[in-house]
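[1] Got a sequence here, can you build the structure:
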Amino acid sequence: MANFIASSLISVLLIALFLLPASTIASSDSPFIVAHKKATLNRLKSGVERVFVTIDIYNEGSATAYDVSLTDDSWSNDIFDVVSGNTSMSWERLDAGYHRSHAFELESKVQTVFYGAPAVITFRIPTKASLQESYSTAIMPLEILADRPPEKKFEWVKIVGKIRVPNFCDLHCGFVHIPCCKSIIEI
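    This is a model prediction of the structure:
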């Protein structure tokens, strides 16, 4: 019996030790920055491809981040020209639970496979003297001006034509009354 009580007490203490740091982290009053970077390719004409980049920054913490700065210097000037927007941006603050989006467009005339690095987000916490850093997600390698087979956009039309889509009468047999509409007999 004493062995059972001792082992139960040890189990409770171990659980408390594991939960204490998690609750301390969850209740800490600081920002937590998460960023998602995505890039899409669009070929306008032969020999030119545009890259549209969007970076979404989220503050998932419980406090405001100040002097938020986004820098995305992974786009080489030898390969890309900036068409619209900037590869960097800054905001005065990012409140807890809010997000900001930044977008820019690049153009390339060089055929290559490009491996982009994550964007860097720096921000300030009032309780710490040094700037904090966070990184966005990385993007998949971009095959710029690669020879791609043409998309079969009408392939889905063929597939949908073979599937029988049930209509309303197949699913529900009965009288339907819509109060806001006049009946067919009244018209």
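[2] contacting residues for R43?
    Residues in contact with R43 (CB atoms under 8 Å, 6 or more residues apart in numbering) are 49-50, 145. Quick note: C-beta positions are derived from backbone N, CA and C, even for glycine.
[3] just those: which has the poorest pLDDT?
    Lowest in pLDDT among the contacts of R43 is L145, which has 88.
[4] For it, grab phi and psi.
    Per-residue torsions, L145: phi 60, psi 30 (degrees, to the nearest 10).
[5] Pick the one among the contacts of R43 closest to P126.
    Each of those was checked against P126 using CB to CB; the closest is R50, at 40.5 Å.
[6] And what about the closest one, helix, strand or coil?
    Using DSSP: H, G, I helix; E, B strand; the rest coil, the structure places R50 in strand.
[7] ok, it - contacts?
    Neighbouring residues of R50 by CB under 8 Å, 6+ apart: 41-44, 83, 105-108.
[8] mind checking how far it is from W91?
    Computed as CB to CB, to the nearest Å, the R50 to W91 distance reads 26 Å.
[9] Same check on A129?
    21 Å.
[10] Going along the chain, name the strands of the protein.
    All strands of the chain, identified by DSSP state E, fall at 33-45, 48-59, 65-71, 80-84, 88-94, 99-108, 112-114, 120-124, 132-135, 142-144.
[11] could you check the angle strand 99-108 makes with the longest one?
    Orientation of strand 33-45 against strand 99-108 (axes from the mean of the first three to the mean of the last three CA atoms, to 10 degrees) gives an angle of 30 degrees.
[12] Give the buried residues for strand 33-45.
    33-35, 37, 39, 41 (16 or more other CB atoms under 10 Å).
[13] from these, which is closest to G61?
    Distance to G61 across the buried residues of strand 33-45 (CB to CB) is lowest for I33, with 7.5 Å.
[14] What pLDDT does the model give that closest one?
    In this model, I33 is scored at 97, pLDDT.
[15] again, but for F104
    Predicted confidence (pLDDT) for F104: 97.
[16] Excluding sequence neighbours, find me the nearest residue to it.
    G85 (3.0 Å; CB to CB, 6 or more residues apart in numbering).
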